[in-house]
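[1] Dropping the sequence and predicted coords here.
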Amino acid sequence: MKKAIQILSFFLAGGLYAQKIDYNTKKGFVAHGYDVVAYFSNTAIPGKAKYIATHKGAKFKFSNKKNLELFNNNPDKYTPQYGGYCAYAIASKAKVKINPETFLIKNDKLYLFYKKWGVNTLKKWKKEQPEKLEQLANKNWETMKYKK
């Protein structure tokens, strides 16, 4: 009986850890292949094919070797919030693509937003109580973050 419980526990634990975070990987990379480290210097710049890293199953591109190394030393710091989906949309329980040039760095975290056809969710985020939206997005992401 004890062995059966151990085996069952192993499979249950394996199922929990097998879940992977659902990263928005348009074009195969988080942030559409833009350099997530460069955002922290207030720059949206595409990464290059020769500077690639993988973190938690998602691929990232970088514009230079220094940014690749910074990411590799602390990937969680540079990984966008909410898997790289639009932060404003996550607050509304939706996964929406982003415009990689529409971003916000707040409290040393990267937030990406949708911007197309006259809709700029970063402007809406800033206008509509950003602290409340962030709390909603954080709460919603807990139930939305795993691939199904």
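    Happy to help now that I have it. Numbering: from 1, shown residues only.
[2] can you tell me how far the residue most central in space within the chain sits from Lys123?
    Most central in the chain under CA atoms, centre = their mean is Gly83, positioned 2.5 Å from the mean C-alpha point. According to CB to CB, to the nearest Å, Gly83 stands 22 Å off from Lys123. For the C-beta atoms, the positions are set from N, CA and C on the backbone; glycine is no exception.
[3] same deal with Lys66?
    Distance from Lys66 to Lys123, by CB to CB: 32 Å.
[4] ranges for the helices of the protein?
    All helices of the chain, identified by DSSP state H, fall at 2-18, 65-73, 75-78, 87-91, 121-127, 130-144.
[5] most tightly surrounded among these?
    helix 87-91 (a mean of 25; mean count of other CB atoms under 10 Å).
[6] Can you tell me what sits against that one?
    81-82, 95-96, 104, 111-114, 121-122, 124-125, 133-134, 136-137, 140-141, 144 (CB atoms under 8 Å, 6 or more residues apart in numbering).
[7] repeat that with 6 Å
    Outside helix 87-91, the residues that touch it by CB atoms under 6 Å, 6 or more residues apart in numbering are 82, 96, 111, 113, 121, 124-125, 133, 136-137, 140-141.
[8] cool, stretch 99-111 as well?
    31-32, 34, 39-40, 44, 80-81, 87, 112-113, 115, 122.
[9] what does stretch 35-47 give?
    33-34, 60-63, 67, 70-71, 78, 100-101, 103, 105, 110.
[10] Just the buried residues from the residues you listed, in PyMOL please.
    To isolate the buried ones among the contacts of stretch 35-47 in PyMOL, judged by 16 or more other CB atoms under 10 Å, type:
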select buried, resi 33+34+60+61+62+63+67+70+71+78+100+101+103+110
